[in-house]
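Novice: show me how the following folds:
(chains A and B)
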Amino acid sequence: MTGRHHWIVRVTHWVNAIALTLMVGSGLRIFNAYPAFARKGEGFCCYPFEHKAIPDALTFGGWLGGARHWHFAMMWVLVLNGLVYLTFIYLHGEWRDLVPRRGDPRDALAMIKFYLFVTKTHPHQGKHNAMQKATYFTLPILAIVQVLTGLAIWKPVQLGWITAVFGGYVWARYWHFMTMVLLVVLSFAHIFMVFAVDPYSLQSMVTGGYREDLSPEARNARPLYHLLPRWRHRAAEEK
Amino acid sequence: MDRRRFLSAGGFSLTAAFLAACSVDRSPRAQRLLDLAEHRNEGVERLLFHHTTMDGAKSGAKIAGPAYPSYFISNTVPVWDEKVRGPWALEVSGQVSNPVKLTIDDLRRLPFRSQRVDHFCVEGWNAVAVWQGVRLSDIARVVGVKPDAAYVDFQSFDDGYHESWDMDSAMHPQTLIAFALDGHLLGMAHGAPARVHSPVKLGYKNTKYLTKIVFLPTRNGGYWSDQGYEWYGGT
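Specialist: Presented below is the predicted three-dimensional model:
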């Protein structure tokens, strides 16, 4: 068992998971009050589902006013939690595991080839593979964009200069929505890959400990392949 | 534990977790937390507020015109019936040295301005319109607002609809007592004969069908604020 995630990373991860879920749910409830982007008297080019509401079951907060209160409360949890996380990984050095490196595209391609059965053995990887790195590097950037687009539509007059950066109120609302969609897609991809490739990493995000002998590389694991620990021997033989 | 018991137990705990998540938004503890957040947010919003920050509707944006939504809380469009209520006048009172009653002619004789601005609805839509009206800050100068006035209540003849504001937002140069929209006198659907309009507050704060502007030492809630929307409702 090796130590993988510092307790600050683990706590901020789960706080973030809860806050993000509530932000998306309440945000969709707010969106449903006017599920469109067009300014009154205009059309909107770039959203195929104008005026189509999100199913209530995916929303949180009960009604527009309630959802707004949740959204405006949870945003502070998200922002403060994010600041703690980013400050920590900067000071403690974990950022080095996440920043893009020159070899990353090549490594990502090698992973894709392995996942598509073009190559037989799992490429050598450190803490994360290249696609994971890209994901974990992108998510905080999207979160920052999301905070900025959020400010742009919360305070379109007093922080109008931010609104202007995103192309005005209508577009800021659109980017706030689309960034949410990207965050949700990447989060679901992340959750799927945890269960499909490296379920043992769940432990490392709870207790901090990680068994390297059960890593995807040690199991030669593709999504939904070689999930069980018994594969580790064969993987070792293949090396 | 056999598989069936395991699955039903799992299903039960999942349902329980789901129900807990659904009812958390109505628990009193959550409500206290949300109230605290609203209070703190108001502090942040007041800190961000500047009289020198103006709204300017995007240059390419279309005037909403007939697409401009309108609403009222009465069962039918509120109309001031002169035969029953006498001539309409706007009472400006409360913590002021010279309370006045402005007839519509008085109001139109005051220096007015025209502004093309956004209207931001709490629902998320916005609409661009040209408003003509008198700056509330100009009216405040006329009546001599006393220093202990920290809030303004805008009251209407729309079935008791009112919303109170912080003084700072009320004195913003773009906060108008408007009597014309897109170059025409206000229509009945848009709050005739006069209404509040300001891009610095969400739509519901902008009382239509005005009757009274009351300067107050304490806040006085509002129609939608009392039903759970943010009292501050600033943009």
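Novice: walk me through the domains of chain B.
Specialist: Chain B resolves into domains spanning B:1-48, B:57-227 when parsed by automatic domain parsing.
Novice: so what's residue B:234 bridging to?
Specialist: residue B:201 (DSSP bridges).
Novice: what helices or strands is the helix or strand where residue A:143 lies leaning on?
Specialist: Applying DSSP states H and E as the criterion places residue A:143 in helix A:130-154. With contacts taken as 3 or more C-beta pairs under 8 Å, 6 or more residues apart in numbering or on different chains; DSSP states H and E, helix A:130-154 sits against helix A:64-92, helix A:104-115, helix A:160-165, helix A:169-196. From N, CA and C alone the C-beta is placed, and that goes for glycine too.
Novice: quick check: buried residues in it?
Specialist: Buried residues in helix A:130-154, counted by 16 or more other C-beta atoms under 10 Å in any protein chain shown: A:130-137, A:139-140, A:143, A:145-154.
Novice: before we move on, what about stretch B:137-146?
Specialist: For stretch B:137-146, by 16+ other C-beta under 10 Å, it's B:138, B:139, B:140, B:143, B:145.
Novice: now do it: distance to the chain's middle.
Specialist: Distance of stretch B:137-146 from the chain centroid (C-alpha atoms, centre = their mean, to the nearest Å) equals 20 Å.
Novice: send over it as CSV, restricted to the C-alpha atoms.
Specialist: Output of stretch B:137-146 as CSV, limited to C-alpha atoms (Å, rounded to 0.1, in the frame of the first residue of the first chain):
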residue,chain,number,x,y,z
SER,B,137,-32.1,61.0,-7.3
ASP,B,138,-33.4,64.2,-8.8
ILE,B,139,-36.8,63.7,-7.1
ALA,B,140,-34.9,62.9,-3.8
ARG,B,141,-33.2,66.3,-4.1
VAL,B,142,-36.6,68.0,-4.6
VAL,B,143,-38.1,66.5,-1.5
GLY,B,144,-35.0,66.7,0.7
VAL,B,145,-34.3,63.2,1.9
LYS,B,146,-33.3,63.0,5.5
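Novice: show me the contact partners of it.
Specialist: Under the contact criterion C-beta atoms under 8 Å, 6 or more residues apart in numbering or on different chains, stretch B:137-146 has outside partners B:92, B:95-100, B:102, B:110-111, B:170-173, B:175, B:177, B:213, B:215.
Novice: cool, and stretch A:81-93?
Specialist: If you take C-beta under 8 Å, 6+ apart as the criterion, stretch A:81-93 is touched by A:6, A:8-9, A:12-13, A:15-16, A:19, A:94-95, A:98, A:140, A:143-144, A:147.
Novice: how about the nearest residue to residue A:179, chain neighbours excluded?
Specialist: residue A:146 (4.8 Å; C-beta to C-beta, 6 or more residues apart in numbering or on different chains).
Novice: now, of the contacts of stretch B:137-146, which are buried?
Specialist: The buried subset of the contacts of stretch B:137-146 (16+ other C-beta under 10 Å) comprises B:92, B:95, B:96, B:102, B:170, B:171, B:172, B:173, B:175, B:177, B:213, B:215.
Novice: and of these, the nearest to residue B:64?
Specialist: Using C-beta to C-beta, residue B:175 is the member of the buried ones among the contacts of stretch B:137-146 that lies nearest residue B:64, at 19.9 Å.
Novice: quick one: residues contacting the closest one.
Specialist: The neighbourhood of residue B:175, defined by C-beta under 8 Å, 6+ apart, consists of B:135, B:136, B:137, B:169, B:196, B:197, B:198, B:200, B:201.
Novice: out of those residues, which sit inside strands?
Specialist: B:135, B:196, B:197 (DSSP state E).
Novice: show me what the second one is bridged to.
Specialist: Partner residues in beta bridges with residue B:196, using DSSP bridges, are residue B:177.
Novice: and it, how far from chain A?
Specialist: Using C-beta to the nearest C-beta, to the nearest Å, residue B:196 is found at 15 Å from chain A.
Novice: got the buried residues for stretch B:157-166?
Specialist: Neighbour-count burial for stretch B:157-166 flags B:157, B:158, B:161, B:162, B:163, B:164, B:165, B:166 (criterion: 16+ other C-beta under 10 Å).
Novice: local confidence estimate at the residue nearest to the spatial centre of chain B?
Specialist: Nearest to the mean C-alpha position of chain B, by C-alpha atoms, centre = their mean, lies residue B:205 at 0.5 Å. For residue B:205, the pLDDT comes out at 97.
Novice: run through chain A and note the low-pLDDT ranges.
Specialist: A:232-239 (pLDDT under 70).
Novice: contact partners for the residue nearest the centre of it?
Specialist: Nearest to the geometric centre of chain A sits residue A:187, at 3.9 Å (C-alpha atoms, centre = their mean). Counting by C-beta under 8 Å, 6+ apart, residue A:187 touches A:20, A:139.
Novice: rewinding a little: can you put the helices and strands packed on helix A:130-154 in a markdown table and add distance to residue B:119?
Specialist: Shown next, in a markdown table, are those (distance: least, C-beta to C-beta, whole Å):
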| stretch | distance to residue B:119 |
| --- | --- |
| helix A:64-92 | 17 |
| helix A:104-115 | 47 |
| helix A:160-165 | 15 |
| helix A:169-196 | 11 |
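Novice: out of the ones you listed, nearest to residue B:45?
Specialist: By C-beta to C-beta (comparing all of these), the closest turns out to be helix A:64-92, at 9.9 Å.
Novice: nearest residue to residue A:104 other than its sequence neighbours?
Specialist: Using C-beta to C-beta, 6+ apart, the nearest residue to residue A:104 is residue A:130, at 4.6 Å.
Novice: can you check residue B:165 too?
Specialist: In space, and not counting its chain neighbours, residue B:165 is closest to residue B:152: 5.0 Å by C-beta to C-beta, 6+ apart.
Novice: so how far is chain A from that neighbour?
Specialist: 18 Å.
Novice: tell me which other helices or strands the host helix or strand of that residue touches.
Specialist: Per DSSP H and E: residue B:152 is located in strand B:151-156. The contact analysis (3+ C-beta pairs under 8 Å, 6+ apart) places strand B:151-156 against strand B:162-166, helix B:167-170, strand B:210-216.
Novice: could the ones you listed be laid out in CSV, adding mean pLDDT?
Specialist: CSV is the format used below for those (pLDDT from 0 to 100):
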stretch, mean pLDDT
strand B:162-166, 97
helix B:167-170, 97
strand B:210-216, 97
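Novice: export those as JSON lines, with columns for distance to residue A:204.
Specialist: Below are those laid out as JSON lines (distance: least, C-beta to C-beta, whole Å):
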{"stretch": "strand B:162-166", "distance to residue A:204": "49"}
{"stretch": "helix B:167-170", "distance to residue A:204": "50"}
{"stretch": "strand B:210-216", "distance to residue A:204": "58"}
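Novice: check contacts around residue B:68.
Specialist: A:40, A:41, B:119, B:127, B:129, B:181, B:190.
Novice: who are the contact partners of the residue at the greatest distance from the centre of chain A?
Specialist: Outermost residue of chain A with respect to the C-alpha centroid, by C-alpha atoms, centre = their mean, is residue A:41; its distance is 35.7 Å. Going by C-beta under 8 Å, 6+ apart, residue A:41 touches B:62, B:63, B:64, B:65, B:66, B:67, B:68, B:127, B:128.
Novice: now these in CSV, with pLDDT?
Specialist: Converted to CSV, the contacts of residue A:41 look like this (pLDDT from 0 to 100):
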residue, pLDDT
B:62, 93
B:63, 94
B:64, 94
B:65, 92
B:66, 93
B:67, 94
B:68, 94
B:127, 97
B:128, 97
